[in-house]
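Q: need coordinates for the following:
(one chain, ligands or ions: 2)
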Amino acid sequence: MALPSDHDDFFTPRCIWVNGPVIVGAGPSGLAVAACLKEQSVPFVILEKADCIATLWQRRTYDRLKLHLPKQFCQLPNYPFPEDYPEYPSKKQFIDYLESYAQHFDIKPRFNECVQSAKYDETCGLWCVKSCSIKGVERGVNSEVEYISQWLVVATGENAESVVPEIEGLNEFGGRVIHACDYKSGKDFKGKRVLVVGCGNSGMEVSLDLCNHNAFPFMVVRSSVHVLPREVFGKSTFRIATFLMKWLPLWLVDKLLLILTWLVLGNTERFGLRRPSMGPLHFKNTNGKTPVLDIGALQKIKTGGIQVVPGIKRFSHGRVELVDGNHLYFDSVILATGYRSNVPSWLQESDLFSNNGLPNQPFPNGWKGKSGLYAAGFTRKGLSGASLDATRIADDIGQVWKEETKLKKRFIACNGRFISQF
Ligand SMILES: Cc1cc2nc3c(=O)[nH]c(=O)nc-3n(C[C@H](O)[C@H](O)[C@H](O)COP(=O)(O)OP(=O)(O)OC[C@H]3O[C@@H](n4cnc5c(N)ncnc54)[C@H](O)[C@@H]3O)c2cc1C
Ligand SMILES: NC(=O)c1ccc[n+]([C@@H]2O[C@H](COP(=O)([O-])OP(=O)(O)OC[C@H]3O[C@@H](n4cnc5c(N)ncnc54)[C@H](OP(=O)(O)O)[C@@H]3O)[C@@H](O)[C@H]2O)c1
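A: Ligands and ions are numbered 1, 2, ... in the order given. Below is the predicted model:
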């Protein structure tokens, strides 16, 4: 392996041949692919725009976050969670696990490298991945680097950018307006009236946290939502669903889940939480919307600690007008309005990925494209989906790698420099 020194950076051409795949993103998916490639003895380069691994978890999530699914469904390939971890590890425990995962497999991402574009060159049959080195920009040197490789693994995540909806008058509101990705704890909102826009897992949990910190949360629920208990009679709802899916058709599992949910939570429609006409698993498969796994917000809704309000018509100074004509006053607004993929902003390709930055093909077929392109972590199946992708991708690349290395000794030449991690 030959890594360029700072001195080289200034003078040499910014084109680097990568021996093995380029992985974009060092979140759980990118790390899992890297670890599985290591097991296959395939070298790689992993590019990460931030200065640490798993930025979503380290920088863009709230303090009280825990994994919603039991740990066995969240661990990455070939490295289990520590035995003393609880059933639902905390955010800190998960980050610690990811750090030790990277250390265990000796994964060293190239940090501060933000990929700006990636394009397949038909003539030479290679991917050209252009990144901007943030450190280079700071030092005032040419900060563009071009990585050339045979394979490209997209692991930038389904939640790469926050969605900030355009709502009439929001600019005039005047109070504090943040996205859920910048929310850390309800202690900053004690005694305040806070409008939480959105009732996904983030909206529900932020509302619960605000309530626990003696703020006054109002949660906007503009359409239908499936709220399920995280556990049914002490057993994880997800685990139950996964078990039932082995034996029963999806429609029947959905029916059983709704019956169990009704037994535990009662009729949620009474509290303004209308259910979609499709069952939770069918709804997720069709619309990509994850059911909310309740960890206490519903109880707060029942007792009035969290108020449910309908959609927003417009904002004005310190105030919101709702679609039912009511006017309410607020100190702050938290937009728990979701996330989107950033793939369309940098990947010049339209076969594997669609305009919304997610694969065209539904699970389990969206992990592999043409010409050595792969997608890791875009299954809408969270961490377990990412692990499955990683194993498949590494097996696929590993097979070609082994065939090729058998045929020829690899001579690497591109402006005199090559890198890869091994
Ligand atoms: C609040 C919240 C809680 C969640 N909780 C769970 C949970 O409990 N269980 C679960 O299974 N899933 C959960 N998820 C889903 C979550 O997306 C996954 O757990 C996991 O983070 C996905 O990993 P990833 O590597 O695919 O994406 P990410 O974790 O988003 O990592 C992508 C990485 O790519 C980097 N990157 C992005 N663009 C570029 C670029 N152009 N150049 C270079 N690097 C780039 C980013 O900086 C980031 O480090 C949660 C999501 C959110 C928002
Ligand atoms: N611990 C955990 O496991 C955990 C915690 C938090 C998040 N997550 C995961 O992270 C991902 C993102 O979750 P999320 O809750 O941030 O996003 P989300 O599931 O996409 O939910 C976004 C919410 O915002 C609403 N919304 C969007 N624009 C709106 C507008 N203009 N007015 C009113 N409401 C609006 C949506 O309503 P509509 O449905 O009407 O569009 C929806 O309720 C999910 O996969 C989730 O499971 C997991």
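Q: now check stretch 271-281, is it near ligand 2?
A: No: in terms of C-beta under 6 Å from any ligand atom, no part of stretch 271-281 sits within range of ligand 2; the closest distance is 9.3 Å. Any C-beta I mention is one placed from the backbone N, CA and C, and that applies to glycine too.
Q: buried stuff in that stretch?
A: Neighbour counts over stretch 271-281 (16 or more other C-beta atoms under 10 Å) mark 271, 273, 275, 276, 278, 279, 280, 281 as buried.
Q: what's the closest of the residues you listed to residue 328?
A: For those, the minimum distance to residue 328 (C-beta to C-beta) is 17.8 Å, reached by residue 271.
Q: excluding chain neighbours, what is closest to that closest one?
A: Closest residue to residue 271 apart from its sequence neighbours, by C-beta to C-beta, 6 or more residues apart in numbering: residue 301 at 4.9 Å.
Q: what is the neighbour count of that neighbour?
A: Neighbourhood size, residue 301 [other C-beta atoms under 10 Å]: 27.
Q: kindly report the same for the one 3 residues further on.
A: By other C-beta under 10 Å, 9 other residues sit near residue 304.
Q: residues of the stretch 101-250 of the chain that sit close to ligand 1?
A: Checking the stretch 101-250 of the chain against ligand 1 by C-beta under 6 Å from any ligand atom, the hits are 114, 115, 155, 156, 157, 158, 159, 160, 202.
Q: if we go to 8 Å?
A: 113-116, 131, 155-160, 180-181, 201-202, 205 (C-beta under 8 Å from any ligand atom).
Q: ChimeraX command to pick out the buried ones of those residues?
A: Once 16+ other C-beta under 10 Å is used to decide burial, the buried members of these can be selected in ChimeraX as follows:
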select :113,114,115,131,155,156,157,158,159,160,180,181,201,202,205
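Q: can you narrow the residues of the stretch 101-250 of the chain next to ligand 1 to ones near ligand 2?
A: Among these, ligand 2 is touched by 158, 159, 180, 201, 202, 205 when using C-beta under 8 Å from any ligand atom.
Q: now the last one, what's its secondary structure?
A: The one in question is residue 205. Classification of residue 205 using DSSP: H, G, I helix; E, B strand; the rest coil returns helix.
Q: my understanding was that it contacts residue 61; is that so?
A: No: shown here, residue 205 and residue 61 do not form a contact pair, counting by C-beta atoms under 8 Å, at 10.0 Å.
Q: helices of the stretch 101-250 of the chain, start to end?
A: Secondary structure of the stretch 101-250 of the chain (DSSP state H, counting those that start in this stretch): helices located at 134-139, 201-212, 237-245, 250-265.
Q: just the CA atoms of the third one, as CSV, please.
A: Extracted in CSV, the C-alpha atoms of helix 237-245 (Å, rounded to 0.1, in the frame of the first residue of the first chain):
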residue,chain,number,x,y,z
THR,A,237,-42.8,-7.3,18.0
PHE,A,238,-40.1,-7.4,15.3
ARG,A,239,-39.0,-10.8,16.4
ILE,A,240,-42.6,-12.1,16.5
ALA,A,241,-43.2,-10.7,12.9
THR,A,242,-39.9,-12.2,11.6
PHE,A,243,-40.9,-15.6,13.1
LEU,A,244,-44.4,-15.5,11.8
MET,A,245,-43.2,-14.5,8.3
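Q: what ranges of the stretch 101-250 of the chain fall below the confidence cut-off?
A: Judged by pLDDT under 70, the stretch 101-250 of the chain has its weakly predicted residues at 136, 141-142.
Q: nearest to ligand 1: which residue in it?
A: Of the residues in the stretch 101-250 of the chain, the one nearest ligand 1 is residue 157, at a distance of 2.6 Å by C-beta to the nearest ligand atom.
Q: show me what contacts that residue?
A: By C-beta atoms under 8 Å, 6 or more residues apart in numbering, the contact set of residue 157 is 25, 27, 29, 56, 341, 377.
Q: change it to 6 Å
A: Going by C-beta atoms under 6 Å, 6 or more residues apart in numbering, residue 157 touches 27, 377.
Q: how near is it to residue 55?
A: To residue 55, residue 157 is 9 Å away according to C-beta to C-beta, to the nearest Å.
Q: just the pLDDT for the residue of the stretch 201-350 of the chain found nearest ligand 2.
A: Closest residue of the stretch 201-350 of the chain to ligand 2, C-beta to the nearest ligand atom: residue 338 (2.8 Å). Predicted confidence (pLDDT) for residue 338: 98.
Q: my guess is it contacts residue 163, does it?
A: Yes: if you go by C-beta atoms under 6 Å, residue 338 and residue 163 touch, sitting 4.6 Å apart.
Q: which one's more surrounded, these two?
A: Ranked by neighbour count (other C-beta under 10 Å), residue 338 and residue 163 place residue 338 first, with 19 against 14.
Q: near ligand 2, anything from stretch 359-368?
A: No: applying C-beta under 8 Å from any ligand atom, one finds stretch 359-368 out of contact with ligand 2, separated by at least 14.0 Å.
Q: what mean pLDDT does that stretch get?
A: 93.
Q: hmm, it touching ligand 1?
A: No: if you take C-beta under 8 Å from any ligand atom as the test, stretch 359-368 misses ligand 1, and the best it gets is 12.0 Å.
Q: what does that stretch contact?
A: Where contact means C-beta under 6 Å, 6+ apart, the residues beyond stretch 359-368 that reach it are 352, 354, 374, 375, 378, 379, 389, 392.
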